[in-house]
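Q: Fold the following.
(chains A and B)
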Amino acid sequence: MRVVVYGLAMLAGLACGPLRADEVSADPVLFDQGKLLATGGVSQIEGAGGGGLATWALITGYGTRDGLGANAHYTTVLLPDYRLDTLGVAVGLFDRVEFSYAWQSFDTQAVGAALGLGRGYAFHQNIYGAKLRLAGNAVYDQNSWLPQIAVGVQHKENDRGAVIAALGGKSSVGTDFYLSATKLFLAQSLLVSAAARATRANQFGILGFGGDKHGGYSPQFEGSAAWLLSRHFALGVEWRTRPGNLKIAREGAGFDLFAAWFVNKHLSATLAYADLGNIAIRDHQHGAYLSLQAGL
Amino acid sequence: MEKPLSLALLFACAMLAFAPRAFAQDPLFADMGGKAGIDHLVDVFVGNYLADPRIRAIFDESNMDRVRAKMKEQFCVVAGGPCTYTGHSMEATHKGLHLTDADFNAVVEDLQDAMDTCNIPFSVQNRFLARMAPMEHQVVTK
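A: Prediction:
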């Protein structure tokens, strides 16, 4: 509950804070809000600019190549046996570089008791992200097949090393690397994105990194397709494969169906149905995914 | 090796040159309301543009009657209509204006608002914008 209150306070502060760029003057504005609505994407599960589960090549926020964009987000995933809350902040620099930080709390609810950890036992992790746009512009390059391409890194630090080791995990710290390509097929009102991720993470890192079944990195896939209904609404589907490193779990691919509402360039809300499959000793972990992003 | 390639290229160029005459009129032109629809769109668009404090200064030195007329030709051509654009190139008309992506996108937003006003469906708007979008490379010089 405390997490939610903090999250809403952060979002409210950001949503009310920014001045309208056009009221400032003709001088260049650092937070220029110059990108088109929705073209900064939303905040994905680990805090980077993206969709929900998938990481996109778009640089977060509404700063153009002459400006900055920054945002905060709160995401909650309500599953039958677990709950994941994420709070994060991110900044996009000159539509070239993105830095993000996210804090995740994963509440094991009754499963914690079943595992002998205690009811409501929670794993937490800090995720530090960086992304660099290498080439292309997903929006303007409509006369070419070249997508926007970015590389990124997500360094994750989990606070439950001892329990992770007991579950068969190798480490409480891990770093993911990804290559993402995102393309807006504007004439079709369709955004398509694909990413390859090298990772050791178990359940995004919530259950640590590497395991007793597989210890090292493996290549994984993330894909999204979003249909733009209007400037303010998009519907989409995502798919993300994940390694099965732990003997106690049967971690597989996750997918989601989402609806994103871009209220304006300061506020967006994403509602999804997410299916994360098996998590630790529980199958069929599917439920509601809600994410709010506020920015300047 | 070189000869078949250049022949192939020549053939491809010939195909492209004849393509506009070989196919029936572009459906986008009709979907945007034909010549009358596009002319009205440009009038609404220019009105939005001149009322937009972010960018209206760009047109301070312009002859707006000429801008409107050339833009009507250009939009018609971009939509695949039976028009001829008689204005200058996009590079030439925007040279020295030091326009930014934020300026370009402000214009896009004014155009989207104009298309909304003209009841052009969102999917049709995007088909048109998809053809306009690459102009960013000629317009934005900053």
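
Q: Can you report phi and psi for the spatially most central residue of chain A?
A: Centroid check for chain A by C-alpha atoms, centre = their mean gives residue A:44 as the closest residue, at 1.6 Å. The phi/psi pair for residue A:44 (degrees, to the nearest 10) reads phi -80, psi 180.

Q: Before we move on, what's the pLDDT of the closest residue to chain B within chain A?
A: For chain A and chain B, the shortest gap (C-beta to the nearest C-beta) falls at residue A:34, measuring 2.8 Å. From N, CA and C alone the C-beta is placed, and that goes for glycine too. pLDDT, residue A:34: 96.

Q: how about the strands of chain B, start to end?
A: With DSSP state E, there are no strands along chain B.

Q: now do the stretch 151-296 of chain A
A: Using DSSP state E, counting those that start in this stretch, the strands assigned to the stretch 151-296 of chain A run over residues A:169-171, A:173-185, A:190-199, A:209-211, A:218-228, A:233-240, A:254-264, A:267-275, A:286-295.

Q: could you pull out the helices for the stretch 51-200 of chain A?
A: Using DSSP state H, counting those that start in this stretch, the helices of the stretch 51-200 of chain A run over A:109-114, A:161-166.

Q: Between these, which one is closest to residue A:71.
A: helix A:109-114 (29.5 Å; C-beta to C-beta).

Q: returning to that earlier point: I'd like the helices of the stretch 51-200 of chain A written out as CSV, with mean neighbour count, mean pLDDT and distance to residue B:78 added.
A: Output for these, formatted as CSV (neighbours: other C-beta atoms under 10 Å in any protein chain shown; pLDDT from 0 to 100; distance: least, C-beta to C-beta, whole Å):
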stretch, mean neighbour count, mean pLDDT, distance to residue B:78
helix A:109-114, 16, 95, 57
helix A:161-166, 16, 96, 58
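
Q: export these to a markdown table and tack on distance to residue A:137?
A: Formatted as a markdown table, the helices of the stretch 51-200 of chain A follow (distance: least, C-beta to C-beta, whole Å):
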| stretch | distance to residue A:137 |
| --- | --- |
| helix A:109-114 | 44 |
| helix A:161-166 | 41 |
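
Q: list the contacts for residue A:148?
A: Contacts for residue A:148 (C-beta atoms under 8 Å, 6 or more residues apart in numbering or on different chains) come out as A:57-58, A:133, A:135-138, A:141, A:181-183.

Q: again, only using 6 Å
A: Listed by C-beta atoms under 6 Å, 6 or more residues apart in numbering or on different chains, the contact set of residue A:148 reads A:57, A:136-138, A:182.

Q: low-scoring stretches of the chain, by residue?
A: Here I'm looking at chain A. A:1-28 (pLDDT under 70).

Q: right idea, wrong chain: chain B
A: B:1-24.

Q: Tell me how many other residues surround the residue in it that chain A sits nearest to.
A: Closest residue of chain B to chain A, C-beta to the nearest C-beta: residue B:102 (2.8 Å). Residues near residue B:102, counting by other C-beta atoms under 10 Å in any protein chain shown, number 25.
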